[in-house]
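**Student:** Just a sequence and a predicted model for now, questions to come.
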Amino acid sequence: ILLTREHDINQPIKEKVDKAISLNPDVFVSLHINHSPTSSKNGFELLIGNNQTSLEKENRILGSMISHELKKIYTTSGLIKQSERNKVYVLDAPQINYPTVLIECGYLSNEKDLAFLSSRANKKKLAQALLNALRNYIAEKNAHTSVQPVPLPEDTSGGQVVTLKASAYEYQSNPERQPN
């Protein structure tokens, strides 16, 4: 797992997409936190791209696996939304040739979502759910039938509990996959 950024900075979308494309990923998951003028909107939502018809099935499979894992830890919409054509660049950039999912991890405007997202333990649960979903997706792609959840390393630094890096998730990329 590689991050497009490791700090809370304002990164131009095109820069994020260009970096992801240069890495030739097997999948791209974009994490966001939502906000609404009304505090009644809540829960996680998933969005897939609409620009690459050839990837729609893979996008839906990846989205379904992520949704399945997220539902175990928090309110998650069962509906996987598709972006309006070319409206979400991280999902719909013309150069994208890999499955993509954007996850709205709740609403800061909702007290329950905010409390969930503010908890260190819940951040760890969220990271674990995403790791499990990605592992299941890769296993499915590689025709494995049984997958065990991957535990996150314990945080002993007193720092941020959830930092998704290669050390937290051992994954060998498909050696047959060639860069485009």
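**Tutor:** Structure's in. What do you need?
**Student:** switch to C-alpha atoms for all contacts and neighbour counts from now on
**Tutor:** Noted.
**Student:** mind checking the SS state of the residue most central in space within the chain?
**Tutor:** Nearest residue to the geometric centre of the chain (C-alpha atoms, centre = their mean): Val29, 3.2 Å. Put simply, Val29 is strand when judged by DSSP: H, G, I helix; E, B strand; the rest coil.
**Student:** How about Leu134?
**Tutor:** helix.
**Student:** separation between it and Tyr107?
**Tutor:** Leu134 sits 23 Å away from Tyr107, going by C-alpha to C-alpha, to the nearest Å.
**Student:** quick one on the thing from earlier: could you look up the SS state of the spatially closest residue to the residue nearest to the centre of the chain that is not a sequence neighbour?
**Tutor:** Of all residues not flanking Val29 in the chain, Val101 sits nearest, at 5.0 Å (C-alpha to C-alpha, 6 or more residues apart in numbering). Following three-state DSSP, the label given to Val101 is strand.
**Student:** same deal with His32?
**Tutor:** strand.
**Student:** That one touches Val101, doesn't it?
**Tutor:** No. The pair His32 / Val101 is not scored as a contact, 10.9 Å apart, by C-alpha atoms under 8 Å.
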